[in-house]
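Visitor: sequence plus predicted model, see below.
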Amino acid sequence: MTEIQEHEFAKFQGFIFDQAGITLSDAKKSLVSGRLAKRLAHYRLSSYSDYLKLLQGGSEPGEVQIAIDLLTTNETYFFREPKHFELLLKIARQATQENRGLRVWSAASSTGEEPYSIAMVLADAQAGLPWTVLGTDVSSRVLRHARIGHYQMERASNIPADFLKKYCLRGIGVEAGTILLQRELRERVQFSQVNLNKPLPALGQFDIIFLRNVLIYFSNDTKRQVVQRLLGHLRSGGHLLIGHSESLNDITSAVRAVAPSIYLKP
């Protein structure tokens, strides 16, 4: 495998920052080298500089998205950070009493575990109401996986037993050891490719926005821009949820912390 040089790695740091606002630390050099090596082999290129020229040259327009997919990290699982889902359930029950369906946005949905977790809670707490879930991600690859809603059984370990029985189909035969989200649930979740580092499309207003474990990849300036964009789609009285290792200190004053990683828009 061709070794990536320091100056080449620096250029790819600039590439992914320009494309997705992601700041790659110097410790990610081996990750970049390993993930892009297959693309060098695909085009029979001898260096990472040659691959960067291909990306910038425009001769392979779809390759830029492939490179973004490879360089964005996607780690997720069902019902991650239970406190957030306890809050979601509380808000959903209150909205049900008001006969109002919630709109919830999973702004970094990855392979779909987060938006489907949200959907299970809403389907259970808001049966009969027009609730909606939007899952977006910069990576087209993970969105293809998310739309299918098919997962290895070990990824279902955090799904509550009643939800697993009610909303998931266990694979049999060649599909043994997997689960498939019920079609009715999958059809209530919309997935769309959205780059948070660029102007957002017309998405409407949301009651809750999940932006978890995303900001850690951004510089402070990018964090401010991304949060400002998202808050424009959060209704007054709505909640913004971020990762427990993240903070909005010095990022925005438009929301106030009501609990660790939970913010309210007045």
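Guide: Received the coordinates, thanks.

Visitor: contact partners of stretch 86-94?
Guide: Stretch 86-94 has contacts (C-beta atoms under 8 Å, 6 or more residues apart in numbering) with 102, 104, 118, 121-122, 125-126, 131, 207-208, 239, 241, 259, 262. In this view, the C-beta of every residue, glycine as well, is placed from N, C-alpha and C.

Visitor: moving C-terminal from the helix or strand that contains Ala10, which element do we reach first?
Guide: Element membership of Ala10 [criterion: DSSP states H and E] is helix 6-20. Note on helix 6-20: by DSSP H and E, the next helix or strand toward the C-terminus is helix 29-43.

Visitor: hmm, back to that, what are the buried residues along the helix holding Ala10?
Guide: By neighbour count on 16 or more other C-beta atoms under 10 Å, the buried set for helix 6-20 is Glu8, Phe9, Lys11, Phe12, Gln13, Phe15, Ile16, Phe17, Gln19, Ala20.

Visitor: quick one: furthest residue from the center of the protein?
Guide: The centre of the chain is farthest from one residue, Ser46, which by C-alpha atoms, centre = their mean lies 33.4 Å away.

Visitor: ok but it is inside a strand, no?
Guide: No. Assigned with DSSP: H, G, I helix; E, B strand; the rest coil, Ser46 falls outside any strand and is coil.

Visitor: elements contacting the helix holding Ala10?
Guide: helix 29-43, helix 48-57, helix 63-71 (3 or more C-beta pairs under 8 Å, 6 or more residues apart in numbering; DSSP states H and E).

Visitor: to Ile251, which of those helices lies closest?
Guide: helix 63-71 (23.9 Å; C-beta to C-beta).

Visitor: by contact count, what packs against that closest one?
Guide: Checked by 3+ C-beta pairs under 8 Å, 6+ apart, helix 63-71 has helix 6-20, helix 29-43, helix 48-57, helix 140-148 packed alongside it.

Visitor: fine by me, we can end here.
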